[in-house]
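Trainee: sequence and predicted structure are below.
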Amino acid sequence: MEAAVLIMALLFAAFVVLGVYMTVKAVGAAKRTVERTVTQARRTVEDTTLRAKSVAQPGVAGQLAQLRLSLRTSMRATQEALRARVAEDASLKESLALFERLSGHGHELDDELRRMEREPDRRTIADRMPELRERTERITRSADSLRWAARDRARQFADDELASLSEQIEMESGALRDWSVKAPTAGASASASASWDDLSDDPAPTSSGPSSSPRPGAAAQHEPAAGAPQALGAAKPPVTYPWQKAPRPEATS
């Protein structure tokens, strides 16, 4: 009885622990989903705001918004391209590591451009615009180079696979069109059929085949004795065997 109670208590504790674990996992997954959704929404709002500023605001404010928008667009596209293909091509891990280092410079520049948007001294910002534009172009050029190199590598792999597949298909098509191999002749078909017929349990006799040998008893009964011609309709002599006694002669009176 005590053992049964202990087992029930252990099972109850195991179910409680499992329930807590599953609850924590579900809450964590929901939290990550919410955070991802909030991040995407905030990113969309920031991009829309930058596009509106780059078009609506003239002068330095519009130029800063344009620099931030081009920087963020290039870095995000490169990040998505590398992370999407690194699972298929392990050689892109080094490229992804280089991008992470470049991403640090990109975040630093984006923060600086964001601070410049709130800077009241527009003259100083205008003086620094060539340097800021040059840094932005260097970072975006490097990111674009990594992104297009990854795309070219993936396209080259696809072209090589397509060329190999096309070659195999051409070889198979040539083999299918090779109808120069002669069909089997009638004799070969007949011999093959005969070989299968020989496997029958009770094959039917054919006129062309050799005659079957008679049984020993039947041969002794139907074959006449050597040197004694038999007349048509004559009675056949009885068959005698060595172990039979000779018949006695009848007595005469």
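Mentor: Yep, that arrived.
Trainee: for the rest of this, base every contact and every neighbour count on C-alpha atoms.
Mentor: Will do.
Trainee: sketch out the low-pLDDT regions of the protein for me.
Mentor: Low-confidence segments of the chain (pLDDT under 70): 1, 34-36, 38-40, 43, 180-253.
Trainee: go again using 90 as the cut-off
Mentor: In the prediction, the chain carries residues with pLDDT under 90 at positions 1-65, 83-96, 114-128, 150-161, 170, 172-253.
Trainee: tell me the domain ranges of it?
Mentor: For the chain, automatic domain parsing gives the domain ranges 9-56, 58-173.
Trainee: what about the last one, how long is it end to end?
Mentor: It refers to domain 58-173. Criterion CA to CA, to the nearest Å; first-to-last residue distance in domain 58-173 is 65 Å.
Trainee: ok, back up a step: out of the domains of the chain, which one sits most buried?
Mentor: A comparison of the domains of the chain by mean neighbour count, using mean count of other CA atoms under 10 Å, puts domain 58-173 on top with a mean of 15.
Trainee: now do the helices in the chain.
Mentor: With DSSP state H as the definition, the chain shows helices at residue ranges 2-56, 60-85, 92-117, 122-176, 186-197, 216-222.
Trainee: packing partners of the third one?
Mentor: Contact partners of helix 92-117 among helices and strands, from 3 or more CA pairs under 8 Å, 6 or more residues apart in numbering; DSSP states H and E: helix 60-85, helix 122-176.
Trainee: quick one: Leu69 and Ala52 touch, right?
Mentor: No - with contact taken as CA atoms under 8 Å, Leu69 and Ala52 are classed as non-touching, separated by 10.5 Å.
Trainee: circling back to that earlier point, quick one: the helices and strands packed on helix 92-117 as JSON lines, columns for distance to Ala13 too.
Mentor: What follows is those, written out as JSON lines (distance: least, CA to CA, whole Å):
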{"stretch": "helix 60-85", "distance to Ala13": "42"}
{"stretch": "helix 122-176", "distance to Ala13": "52"}
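Trainee: show me the one of those helices that comes nearest Thr23.
Mentor: Across these, the minimum distance to Thr23, taken as CA to CA, is reached by helix 60-85, at 30.1 Å.
Trainee: between helix 92-117 and that closest one, find me the angle.
Mentor: Going by axes from the mean of the first three to the mean of the last three CA atoms, to 10 degrees, helix 60-85 is angled at 160 degrees with respect to helix 92-117.
Trainee: quick check: angle from helix 60-85 to helix 122-176?
Mentor: Using the same axes, to 10 degrees: helix 60-85 against helix 122-176 is 30 degrees.
Trainee: angle of helix 60-85 against helix 2-56?
Mentor: With the same axes, to 10 degrees applied, the angle from helix 60-85 to helix 2-56 works out at 140 degrees.
Trainee: helix 60-85 - contacts with which helices or strands?
Mentor: With contacts defined as 3+ CA pairs under 8 Å, 6+ apart, the packing partners of helix 60-85 are helix 2-56, helix 92-117, helix 122-176.
Trainee: to Ala65, which of those helices lies closest?
Mentor: Distances from Ala65 to each of the helices and strands packed on helix 60-85 were compared using CA to CA; the minimum, 5.2 Å, belongs to helix 2-56.
Trainee: which strands and helices sit next to the closest one?
Mentor: In this structure, helix 2-56 packs against helix 60-85, with contacts taken as 3+ CA pairs under 8 Å, 6+ apart.
Trainee: and Glu134, how close does it get to Gly106?
Mentor: When CA to CA is the yardstick, Glu134 and Gly106 sit 13 Å from each other.
Trainee: one step back: quick one: the helices and strands packed on helix 60-85 as a markdown table, columns for distance to Met75 too.
Mentor: Below are those laid out as a markdown table (distance: least, CA to CA, whole Å):
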| stretch | distance to Met75 |
| --- | --- |
| helix 2-56 | 13 |
| helix 92-117 | 7 |
| helix 122-176 | 6 |
